[in-house]
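1. 3D, please:
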Amino acid sequence: MRKSLGGALAAVLAVTATVAGCGETAYDDAARGPVIGGTPPAKPYDGPLDVPVEEVSGDDEDDPRQIRDASGAAGRALECDGEVYGGGNSDPWSKGDGGSTPEEGLQVYFDIEQPDVPRSGYRVERTEGERVLYSFDVKGETKVAVVVAKDRPDRPGWGPETSASCDPAELPASYTDSRDYEIWTDAQGRRVPITRMTGYAGAEHCDWQSAHFLSLNDGREEQTYVRDPEGVFSPEEFTTRYDGDVTLPRDARDTGFRLGERALFRTPDTSRVYIRTPNGVELWPAPKRRLGCA
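-> Residues are numbered from 1 along each chain as shown. Take a look at the predicted model:
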């Protein structure tokens, strides 16, 4: 089981990494291979690497506790600031697909699973028998963990057994800036988890690419707002019309959320939000129901 965002957020790019000081990973096109040297974590994961996994599906797929249980030792090795974002156990593969070394097994993870995580900058954090834990660390804390194992049932050779990752907002900006993630910051300048807030362009296969979506989740419900300057949606689908030039209401509150020069303002009326830009203020309405296309 894997958790991911669809559309533009699911595109896969290859990036490379080298070590910067203090256990922080930075990116450099000159880096080669998925594994780097350097100082191991000050407090490496000391639990077992052979941890039974629990399969989940349906309504439980987005539950962080269920994701952790489905990702075995990898989920337990993470050191997330927030909740576990994604993870699970590996799919089977054929003879000849597995690696001959643990590092080749990590490369199998990237080649077969096609995960939306950094593809280099990993360290060996722990070895236990025929299992090796690889970690991608940010400031000394594990944000991506992969357990590779040798000759497991239906998985000949070295390859991934379990894997898990923190929210993309906890990964280095040098990685997320190279992708389609839209990561906002809060009033203190901290990166906001994309499970709480993110934006994305409309799907091309729906011919919505001129529209832009903003997803907000306060922990109780998720609400979506839409910028639609070219009118790809019918006005009847919204509580009010998108307006690219409005006056900020007197009761509008600055949320402190920023994306570059964009600032998010809200009023008690949750059917709309206001985005202030260098060119003025825009009103983004909420759809009356979930939008879909054929």
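2. CA atoms for contacts and neighbours, from now on please.
-> Will do.
3. Please name the residues that touch Ile183.
-> The contact partners of Ile183, taken as Cα atoms under 8 Å, 6 or more residues apart in numbering, are Ala169, Arg191, Val192, Pro193, Ile194, Met197, Thr198, Gly199, Leu259.
4. quick one: the last one from Gly189, how far?
-> Which is Leu259. 10 Å (Cα to Cα, to the nearest Å).
5. Strands along the chain, start to end?
-> Remark: strands assigned in the chain by DSSP state E are 18-19, 25-26, 84-89, 122-128, 131-138, 141-152, 155-166, 197-201, 212-217, 222-227, 253-259, 262-266, 272-277, 280-285.
6. If you count contacts, what does the fourth one end up packed against?
-> Pointing back at strand 122-128 there. strand 131-138 (3 or more Cα pairs under 8 Å, 6 or more residues apart in numbering; DSSP states H and E).
7. so what strands line up beside the strand it packs on?
-> According to DSSP bridges, strand 131-138 forms sheet pairs with strand 122-128 (antiparallel), strand 141-152 (antiparallel).
8. Of those, which stretch is the most buried?
-> strand 141-152 (a mean of 26; mean count of other Cα atoms under 10 Å).
9. can you give me how far that one is from the chain middle?
-> Distance of strand 141-152 from its chain centroid, counting by Cα atoms, centre = their mean, to the nearest Å, is 18 Å.
10. just stretch 108-126 next, same as before
-> Offset of stretch 108-126 from its chain centre (Cα atoms, centre = their mean): 14 Å.
11. and if you look at stretch 190-197?
-> Its chain's average C-alpha position is 10 Å from that of stretch 190-197, according to Cα atoms, centre = their mean.
12. Next: stretch 35-51.
-> In terms of Cα atoms, centre = their mean, the centre of stretch 35-51 is set 22 Å apart from its chain centre.
13. Also stretch 184-201?
-> Taking mean C-alpha positions (Cα atoms, centre = their mean), stretch 184-201 and its chain are 12 Å apart.
14. And the residue nearest the centre of the chain, how far from Ser174?
-> In the chain, the centroid-proximal residue (Cα atoms, centre = their mean) is Pro168; its distance is 3.5 Å. Note on Pro168: its distance to Ser174, by Cα to Cα, is 12 Å.
15. Just give me the neighbour total for Arg290.
-> Applying other Cα atoms under 10 Å, we find 9 residues neighbouring Arg290.
16. Torsion angles phi and psi at it?
-> Main-chain torsions, Arg290, degrees, to the nearest 10: phi -60, psi 130.
17. Need the pLDDT of it.
-> Note on Arg290: pLDDT of 90.
18. correct me, but Pro285 touches Tyr242?
-> Yes. Pro285 lies in contact with Tyr242 (Cα atoms under 8 Å); the separation is 5.8 Å.
19. quick one, phi psi at the residue of the chain positioned farthest from its centre?
-> Distance to the chain centre peaks in the chain at Arg250, reaching 35.7 Å (criterion: Cα atoms, centre = their mean). Backbone torsions of Arg250, given as degrees, to the nearest 10, read phi -70, psi -30.
20. What separation do you get for it and Val108?
-> Applying Cα to Cα to Arg250 and Val108 gives a distance of 56 Å.
21. Run through the stretch 151-294 of the chain and note the low-pLDDT ranges.
-> 294 (pLDDT under 70).
22. 90 - rerun?
-> Where the stretch 151-294 of the chain drops to pLDDT under 90, the residues are 180, 218-221, 239, 292-294.
23. check contacts around Val132.
-> Shown in contact with Val132 (Cα under 8 Å, 6+ apart): Leu49, Pro102, Val124, Glu125, Arg126, Val147, Val148, Ala149.
24. hmm, back to that, just give me the closest of the contacts of Ile183 to Tyr134.
-> Comparing those against Tyr134 with Cα to Cα picks out Ala169 as the nearest, at 20.2 Å.
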